[in-house]
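Participant: Pasted the sequence and its predicted model underneath.
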Amino acid sequence: MDLNFTPEEEAFREEVRTFLKDNLSEDLATKVRNGRELNKQDIESWHALLQTRSWLAATWPEEYGGPGWNAVQRHIFEEECAFANAPRIVPFGLGMLGPVLIKFGTEEQKKTILPRILSGEDWWCQGYSEPGAGSDLASLKTRAVRDGDDYIINGQKTWTTLGQFADKIFCLVRTSTEGKPQQGISFVLVDLKTPGIEMRPIKLIEGGYEVNEVFFTDVRVPVSNRVGEENQGWTIAKYLLGHERTNIAGVGASTEALNQLKALGRKVKRYGKPLAADPLFAARVAEVEIDLEAMRMTNLRMLFGTSDAQGSVSSMLKIKGTVIRQEINDLARRALGPAASPFPSEDVIGNYGIAPPEAAANAANYFNNRKLSIFGGSNEIQRNIIAKETFGA
Amino acid sequence: MDLNFTPEEEAFREEVRTFLKDNLSEDLATKVRNGRELNKQDIESWHALLQTRSWLAATWPEEYGGPGWNAVQRHIFEEECAFANAPRIVPFGLGMLGPVLIKFGTEEQKKTILPRILSGEDWWCQGYSEPGAGSDLASLKTRAVRDGDDYIINGQKTWTTLGQFADKIFCLVRTSTEGKPQQGISFVLVDLKTPGIEMRPIKLIEGGYEVNEVFFTDVRVPVSNRVGEENQGWTIAKYLLGHERTNIAGVGASTEALNQLKALGRKVKRYGKPLAADPLFAARVAEVEIDLEAMRMTNLRMLFGTSDAQGSVSSMLKIKGTVIRQEINDLARRALGPAASPFPSEDVIGNYGIAPPEAAANAANYFNNRKLSIFGGSNEIQRNIIAKETFGA
Amino acid sequence: MDFTPTDDRRMIADSLRRFLSDTYPIEHRNKVAYDGAFHDPDGWAGLAELGIMGALVSEDDGGFGGAGFDITTVFEEMGRKICPEPLLANLMALRLYAAFGKSERIEAIVAGSERAAFAFDESDSFGDLGEISTTFEGGKLTGRKTVVYGGQAADWILVAAKSGGKLGLYEVKASDAEVLAYPMIDGGGAAEIVLDGTPSECIAEEATDAIEAALDAGRLALCAEAVGAMDVLKEMTRDYLMQRQQFGRPIALFQALQHRLVDFSIEIEQARSIVIHAGGKFETEERALAVAKAKNLIGRAGKLVAEEAVQMHGGIGMTWEYAGSHYAKRLIMIDHQLGDTEDQLRKVMALTDISSAA
Amino acid sequence: MDFTPTDDRRMIADSLRRFLSDTYPIEHRNKVAYDGAFHDPDGWAGLAELGIMGALVSEDDGGFGGAGFDITTVFEEMGRKICPEPLLANLMALRLYAAFGKSERIEAIVAGSERAAFAFDESDSFGDLGEISTTFEGGKLTGRKTVVYGGQAADWILVAAKSGGKLGLYEVKASDAEVLAYPMIDGGGAAEIVLDGTPSECIAEEATDAIEAALDAGRLALCAEAVGAMDVLKEMTRDYLMQRQQFGRPIALFQALQHRLVDFSIEIEQARSIVIHAGGKFETEERALAVAKAKNLIGRAGKLVAEEAVQMHGGIGMTWEYAGSHYAKRLIMIDHQLGDTEDQLRKVMALTDISSAA
């Protein structure tokens, strides 16, 4: 039992930290820290900067242009990025499609698609959920019907994150209605410029736009755009859902959010004293800090592969990680008192200065982050997964 | 909308209070306040005292020897008894069998049994649950087979509260295995002196004895001891479960327990100051006080019949009432710190004086009161009842 | 004891419910809530016509209601439609005008021809009137009031300010002050009120008790509003669970969801009860304690209901288009108004002070 | 970073687990826990033979372990069998004797030939060494120590007492003091130690740091014990849910119960993690903070697990005969030992002091 990082790991951490210090612009970090929406240019320039070091595709092997990191290095990298308020890497091409192609794709697919992900030429988005198929993903209804060397796709996808910036979409589509629902699904790549596709933004609870509906009407896609065998898409989907859950605990991001919360507690006043001096506030902060400390260790135990309940641990991390993050968001919102109420427009933040700028969007972020326990496999679904493993039924 | 009691009701409250002040012995009240086990004599003498005023059988009409109170009077009476630390009236004969006989019994049954309940000649206990039939009461297996003018009973009952003091038991027994499980059940009265009955005490988690197992081996009971029709016992069971839930919120008892908790908070010290001055303790006390205030009003709304969700309100009161009471028990245990650990023997309380005598059994009472959310229809069953009403399914 | 509403209040509730259903369907509600002046003059005129503002003031003071239960009756209905009109602001203003006999203003507000707002909070004074630093001197006010509810649509601003060490009440013509208007995240408007030697009239040199009473009226109103909103959000959630199919059956059949809906339903009943309690104590010496208890419980219940409702709706509950998301936002943000759960708990702790009680 | 236990610790854990399984089946455990001396001399001798007491002291001080992870390894196994022997008492005593180089006592305790206990709490000093009022003067101790764990079975009592304004450590022969022995509600023994001019030897005039360190060792031990007990109680609950039938099927199939078991399972994993964290920080300057964090989380998790396990068992979980009830009691009562959830939270708040941090 040794809870220290190796000197090599510490040196790596230092390298990442130095890189971030030297290269992440203060403007961008401030935007992230203040919880503001990033535009396309913000994200693209950050991706490009990371790729100058081959750090963009953290999970890819070196031969495909990734850094070849192990789990610990990825953990360190993610933590340091969170501490520096770097933008989150958009995962659809880099964290999802890339690994899928590396595992399931043809040589041709790897050769043509992977470099364009790294270069930023292709921004990918995800076509998984449908209005009637959320938690019950296997019930998806978007049809792809074979027509010579093409599929003709009809149907609707939803909750497509950052689809408004994307060039291409990977989809789960139904290619057969025989057998179990899981058996007739295929994984298909679609260019969003193909005729018959319409992307409509969905406005979220707090007023922001980050997800979309995608409508497919007689969309013609070459069969060669399928990844893996026909009707074997569920295997890929499951593999990908596993991948979606790495870094699911978000320990780095929650740690940074907690530090910001404490700073806010020192800044705002209640009853003539800093809020941080109030025992009821301080007690809740201390409790969540303790929970986060434990989760950091749970996360490391999973990374180092010694957890007793390996399979369900990622579900546990998803549940507890979101609970902790949402508790921090809750406290950050409450810390503002009445100043949390104004809609965080540019006027409110920039000119009226009702709350400190880094906290003005705290209520909006609280509402937005209610998604954490819903998206990516809701916490209820995660509980079902753990229960299944616990009871073997 | 008028939240005041009428002058008549206030006068009644004063009458009850005066009676309790004049008649409840300080010794007995202290025993109740200190959470000590009462012996048979304690309970019998208290019952007898109440019956001098015809106040013992609160729900019975005057013609049968009850006081003829309405719901509000019963509420006031129960509240005042709780505030005075009077023993709880043992409900099996008075609150359960009595009302059942009044509604379902023959004239003969009423005439012979009811007076003996009031006089204390017969102490009744309850034979409902079985080892395999708890929440799922209808699956009970104790058989009563007709043999001429008798039933022959074989089987086992459990969780029979205060059976060790009882003379007689009312049982649900299976008289038919045809149709739905609910359809073959009968309600039968059994003298515990009948050959073939064995009562075994169950020691509870905290070390006390208040429930028992009852074994029936070829126990012969006259058919005339059946209440209601053969195979119609489920109707009585449901009626009785409804009766069991009056005063289920326990507002009076929780109010008294909360007052004792506050007094304890002033008495014990932490960090050189009374515990009550600690904001973390005071905050939890204040929160439960608020919840209790609300429940008092929910309870009154039910009593006055204006609640919007009449049917499920008693289930709500059961759930929230037990949550509140258990939270008070929890705080009372914690308030003692290390002094909660000693097993509350007579030595520990009387001679060693580790905790104030009125608080020495706080941990034991905490453990014992975990039963509140399990017995009498567990809180899970209550949630099912409410859900059924909510979703109509 | 009698829990039946009086005929008058039942009539007010019925007519207001009908009016709001007709006038503020969710699309119009959202338009009013987030656009333009965050206030609909026609809707406001309709409220006046129904006598809603009059119901918030006693007969002696120029209205025909004004008791705690009148306030809860009106605001529960406002909550059922999460109506964004500045009624909270005008309730507090009415109570203050009434406290100091300003019948002309009361008449105008009750008639719907004028609107007022009450400016008390400052960035460093949240929840603590003692920390107010806006001052009145020589007929002029100087200071900055923040998040003044309804300030964007008011003709008159009542300002809590210090003068000679006393906390007084002063009136400013809105057009004389710098009013920076904005919408709130849960809809409805507020404003920063910047006072820089702004001419004003002294209503009362010492107004602490009247201000506390007006704020308590506002808190009681918010509590009742929350109960109305919770009832509707619960109905929406139940209906959604019964209609939404996953894994081949309505998700209402999943026991884990059933039990969670039950748990928050219980808290809604508790919330309803504590509001009745506070309404009943509103005219007594226990007002402050009862209102603080109510707003604490409402804060906890509102958060539970809002978060669970969104969670149980899944993605759809996260969308602007779905009405439930706005109810959830309103329930969460009510806690930020006039002192949150913790502020109220501190108040209960201070008022009951269990460490020194006998 | 490496989460694999060393071979030595794995061996200790394996042999201790086997020994406790053989020696303390639940019937014998309960007999020892609640009857007579609340201690089984044969069992104790067996523990000594396995080297369990030696594992709690460093090689330099006469043992062969003594690190944070040695303590957690031993006590996690003790928790799996809720073993009632006074190991906690002797752990703290060993750490104190080691701090002041008392190798003779250490040798005897490690060999199993003598037992000691540490008397620190007084009725008005819970959680606060500054409030201790027992005094040492002229070679004699006067005061009353309360709920001294293992005090009923000790040959030596180490006493925290004041002399000349300093908090020192003094040793009393148990037979010289008045020892009022009793069982605890969750099993195992304790005693009131009444000192009335009782002859004693000064171990150290100033011992605050050593006492804090010994108490932290005790806290870490309790945390690990809780993790062991929680693991077993979870297994029992899962097995019960799978075996118990109601409404014609195992209650494990009811989703509401499934989700609740999942929720407490998550807290058990969190508890395991925070104990590893505290074990790893035990030899560093962060010891006090890490241990306080651990015991706070353990307190919360233990209560959740205990209460949910009893509830999910229904009536059977309420009975003395069912082993699970004793695990539940132990988990609840661990929180009462050496500072509870709130005490630890206060400590974390004080040590991190977010209001003044940079």
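Facilitator: Yep, it's here.
Participant: for residue C:255, what are its contacts?
Facilitator: Shown in contact with residue C:255 (Cβ atoms under 8 Å, 6 or more residues apart in numbering or on different chains): B:384, B:387, D:254, D:255, D:256. The C-beta positions use only the backbone N, C-alpha and C, and glycine is treated the same way.
Participant: Can you tell me, leaving aside adjacent residues, what's nearest to the third one?
Facilitator: On the basis of Cβ to Cβ, 6 or more residues apart in numbering or on different chains, the spatially nearest residue to residue D:254 that is not a chain neighbour turns out to be residue C:255, at 5.7 Å.
Participant: For residue A:51, see how far away the one you found is.
Facilitator: 49 Å (Cβ to Cβ, to the nearest Å).
Participant: Show the model's pLDDT score for the residue of the stretch 201-350 of chain A found nearest chain C.
Facilitator: Nearest residue of the stretch 201-350 of chain A to chain C (Cβ to the nearest Cβ) works out as residue A:203 at 3.8 Å. We have a pLDDT of 98 for residue A:203.
Participant: Check residue A:103 too.
Facilitator: pLDDT, residue A:103: 95.
Participant: Using the three-state scheme, assign it.
Facilitator: helix (DSSP: H, G, I helix; E, B strand; the rest coil).
Participant: Am I right that it is in contact with residue A:238?
Facilitator: No - Residue A:103 is not in contact with residue A:238 according to Cβ atoms under 8 Å; the separation is 11.8 Å.
Participant: Residues of the stretch 1-150 of chain C that sit close to chain A?
Facilitator: C:34, C:121, C:123, C:124, C:126, C:127, C:128, C:130, C:131, C:146, C:147 (Cβ under 8 Å from any Cβ of the partner chain).
Participant: who wins for neighbours among those?
Facilitator: residue C:147 (29 neighbours; other Cβ atoms under 10 Å in any protein chain shown).
Participant: Run a quick neighbour tally on the closest residue to chain D within the stretch 1-150 of chain A.
Facilitator: Closest residue of the stretch 1-150 of chain A to chain D, Cβ to the nearest Cβ: residue A:3 (3.6 Å). Neighbour count for residue A:3, taken as other Cβ under 10 Å: 15.
Participant: Can you tell me the element the nearest residue to it once chain neighbours are set aside falls in?
Facilitator: Nearest residue to residue A:3 in three dimensions, chain neighbours excluded: residue D:280, at 3.6 Å (Cβ to Cβ, 6+ apart). For residue D:280, the enclosing helix or strand under DSSP states H and E is helix D:255-281.
Participant: Now do that helix: distance to the chain's middle.
Facilitator: 19 Å (Cα atoms, centre = their mean, to the nearest Å).
Participant: Around the nearest residue to residue A:121 once chain neighbours are set aside, count how many other residues there are.
Facilitator: Excluding its sequence neighbours, the residue lying closest to residue A:121 (Cβ to Cβ, 6+ apart) is residue A:167, at 7.7 Å. The tally of other residues near residue A:167 (other Cβ under 10 Å) stands at 15.
Participant: What of residue A:339?
Facilitator: 23.
Participant: how far away is it from residue D:68?
Facilitator: 44 Å.
Participant: Also residue C:97?
Facilitator: 67 Å.
Participant: And residue C:51, by the same measure?
Facilitator: Taken as Cβ to Cβ, the span from residue C:51 to residue D:68 is 72 Å.
Participant: that older thread, got the buried residues for the helix or strand hosting the residue of the stretch 201-350 of chain A closest to chain C?
Facilitator: Under the criterion of DSSP H and E, residue A:203 resides in strand A:197-203. Of all the residues in strand A:197-203, those buried under the rule 16 or more other Cβ atoms under 10 Å in any protein chain shown are A:197, A:199, A:202.
Participant: distance of residue C:74 from chain D?
Facilitator: 39 Å (Cβ to the nearest Cβ, to the nearest Å).
Participant: sorry, that was for residue C:24
Facilitator: Relative to chain D, and taking Cβ to the nearest Cβ, residue C:24 is found at 38 Å.
Participant: Nearest spatial neighbour of residue 267, chain-adjacent residues omitted?
Facilitator: Because you didn't say which chain, this covers chain A. residue A:356 (6.0 Å).
Participant: you looked at the wrong chain, it should be chain C
Facilitator: residue C:301 (4.1 Å).
Participant: With residue C:167 instead?
Facilitator: residue C:208 (5.0 Å).
Participant: before we move on, what about residue A:248?
Facilitator: residue A:318 (4.6 Å).
Participant: wait, the one you found sits on residue A:383?
Facilitator: No - the criterion here is Cβ under 8 Å, and residue A:318 misses it with residue A:383 at 10.0 Å.
Participant: Report the residue spans of the stretch 101-250 of chain C with pLDDT below the cut-off.
Facilitator: Nowhere does the stretch 101-250 of chain C drop to pLDDT under 70.
Participant: Which parts of it are helices?
Facilitator: C:103-111, C:208-243 (DSSP state H, counting those that start in this stretch).
Participant: could those be laid out in TSV, adding mean neighbour count?
Facilitator: Shown next, in TSV, are those (neighbours: other Cβ atoms under 10 Å in any protein chain shown):
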stretch	mean neighbour count
helix C:103-111	19
helix C:208-243	22
